[in-house]
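Colleague: return a 3D structure for these sequence lines:
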Amino acid sequence: MTPSPRESLDRLSRGAVDLVSPEDLLRKLEQSQASGIPLRIKAGFDPTAPDLHLGHAVLLLKLREFQDLGHQVLFLIGDFTGMIGDPTGRSEIRKPLTDAEIAANAATYREQVFRILDPEKTRVVFNSEWMRPLGVEGMIRLAARQTVAHFLDREDFRRRMEQSLPIHLHELLYPLIQGYDSVALRADVELGGTDQLFNLLVGRDLQRSYGQEPQVVLSMPLLVGLDGEKKMSKSLKNAVGILDEPFEMYGKIMSIPDAAMDSYALLLTGIPEGEIRSAHPRDAKARIALEITTRFHGAEKAREAQERFVHQFSRRETPAEIPDFLLPDSGPVRLSTVMVRAGAARSESQAKQLIAQKAVDLDGAPVTDPFAEVMASGQILRVGKRFYCRLVRG
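Modeller: As a prediction, this is how the structure comes out:
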């Protein structure tokens, strides 16, 4: 049974932070249902990295909800804006990408997004299609529709001004171009992260100035990474890639802090909030990990990943295959140094913190001394629930 516009609004609002405005979206949904014409749902992605992660999936899953309700997604790859570099949330200028980097990253995006989106209801577009023909005269006319004062009121620009840090003129063009994308595509709705709210609202303003009906703006929260503190990012090494293997994906999600479970369940699964909060944290996390892994790899592979995880980690059983880590030929080596070089910790200080947290053992014996040294060859180092290596002499 086709949901009513009101039911669709309730579903689409789940997890959203900003919705400008609910009344406009309800009216557009009613008009779409009456006319049989699907809404045009826009979301832009700058090809700044070759791999997508669960943070990107938050938006993609919301786009899929619109598709499941019969609407068309305009998946915009910002190959033109990628040459500028989005200043959002930055305290310094962002390095522009080369044409080769943009092309390579965009190619991987197209492959990955259809793990979530319906290809039949998705149109992939590049904003260079309308921005390059616009030319200098067109850009000047476009810039005349906004004021510098309005743009400098953005939090990130204002912060840079307070700190006497430079703001380059081309950075002011980014939200202008993103807004013009909505004009060129005649978008009915635009989605983005909460950090994109200013840019999304510029799109509404520009559409109005071009005589178009303003788009509805829907912003989604930024997913925290595996550290439970900073937003998910490949560069911060706290991300779960949507191309991660099932066991790796399942294990990473099982490592999230308990405080992050509600947001992962709300933004990445269909699990009712009450069911997560009423369950034991271990069971709730396992359900979240299973559902997310199933979404990207199917039920069979997700179950296999879960069974392997329980067999290997919940029962503290050592995996059958453990990589070797080569120690110097002789002499003791500081364990914290070994952990950093083996990739089990980002720094000596973090390695010592893990030891203090009793998250490290050698041959099954917990290590409690942060200044402990490795003496023997052949010992098995375990850090946390998922890192193992065999220490061998060269």
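Colleague: alpha carbons only for contacts and neighbour counts from here, please
Modeller: Fine.
Colleague: what residues of stretch 123-141 count as buried?
Modeller: Phe126, Asn127, Ser128, Met131, Met139 (16 or more other CA atoms under 10 Å).
Colleague: domains for the chain, by residue range?
Modeller: 5-220, 246-314, 324-393 (automatic domain parsing).
Colleague: and of those domains, who's closest to Lys234?
Modeller: Counting by CA to CA, Lys234 lies closest to domain 5-220 out of those; the figure is 7.8 Å.
Colleague: between the two ends of the closest one, how far is it?
Modeller: Taking CA to CA, to the nearest Å, domain 5-220 runs 21 Å from one end to the other.
Colleague: does the nearest residue to Val20 once chain neighbours are set aside count as helix, strand or coil?
Modeller: Closest residue in space to Val20, ignoring its immediate chain neighbours: Val217 at 5.0 Å, by CA to CA, 6 or more residues apart in numbering. Using DSSP: H, G, I helix; E, B strand; the rest coil, the structure places Val217 in strand.
Colleague: okay, and the closest residue in space to Thr81 that isn't next to it in sequence sits in which element?
Modeller: Among residues not flanking Thr81 along the chain, Tyr174 sits closest, at 6.4 Å (CA to CA, 6+ apart). Here Tyr174 sits within helix 169-185, counting by DSSP states H and E.
Colleague: what about Ser347, how many residues nearby?
Modeller: 15 (other CA atoms under 10 Å).
Colleague: I meant Val240, not that one.
Modeller: With other CA under 10 Å as criterion, Val240 counts 22.
Colleague: from Val183, how far out is it?
Modeller: 34 Å.
Colleague: ok, now Leu63?
Modeller: For Leu63 relative to Val183 (CA to CA), the value is 19 Å.
Colleague: how about Glu213?
Modeller: Taking CA to CA, one finds Glu213 at 10 Å from Val183.
Colleague: looking at these two, which is more packed in?
Modeller: Between Glu213 and Val183, counting by other CA under 10 Å, Val183 is the more crowded of the two (24 against 16).
Colleague: wait, Gly192 touches Leu222, no?
Modeller: No. Using CA atoms under 8 Å, Gly192 makes no contact with Leu222, being 9.6 Å away.
Colleague: higher neighbour count, these two?
Modeller: Between Gly192 and Leu222, counting by other CA under 10 Å, Gly192 is the more crowded of the two (24 against 20).
Colleague: so what's Pro22 up against?
Modeller: Pro22 makes contact with Leu9 under the criterion CA atoms under 8 Å, 6 or more residues apart in numbering.
Colleague: got any ranges where the protein has weak pLDDT?
Modeller: 49-50, 83-96, 312-318, 376, 394 (pLDDT under 70).
Colleague: for it, which segments are assigned as strands?
Modeller: 18-20, 40-45, 72-77, 122-126, 189-193, 216-220, 324-327, 333-334, 360-362, 365-366, 373-374, 380-383, 387-393 (DSSP state E).
Colleague: Serialize these to TSV and add fields for distance to Gly228.
Modeller: Converted to TSV, the strands of the chain look like this (distance: least, CA to CA, whole Å):
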stretch	distance to Gly228
strand 18-20	22
strand 40-45	24
strand 72-77	29
strand 122-126	32
strand 189-193	18
strand 216-220	17
strand 324-327	29
strand 333-334	29
strand 360-362	21
strand 365-366	25
strand 373-374	31
strand 380-383	19
strand 387-393	19
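Colleague: nearest approach to Ser349 belongs to which of those?
Modeller: Closest among the strands of the chain, using CA to CA: strand 333-334, at 12.5 Å.
Colleague: show me what that closest one is packed against.
Modeller: On a contact count with 3 or more CA pairs under 8 Å, 6 or more residues apart in numbering; DSSP states H and E, strand 333-334 meets strand 373-374.
Colleague: check which helices and strands the strand it packs on is in contact with.
Modeller: strand 333-334.
Colleague: centre of the chain versus the strand it packs on, how much separation?
Modeller: 37 Å (CA atoms, centre = their mean, to the nearest Å).
Colleague: ok, residues contacting that strand?
Modeller: Taking CA under 8 Å, 6+ apart as the rule, strand 333-334 contacts Leu327, Phe371, Ala372, Glu373, Val374, Met375.
Colleague: narrow those to those that are buried.
Modeller: For the contacts of strand 333-334, buried by 16+ other CA under 10 Å: Leu327, Val374, Met375.
Colleague: show me what the second one bridges to in the sheet.
Modeller: For Val374, the residues forming beta bridges with it (DSSP bridges) are Val333.
Colleague: sweet, I'm off.
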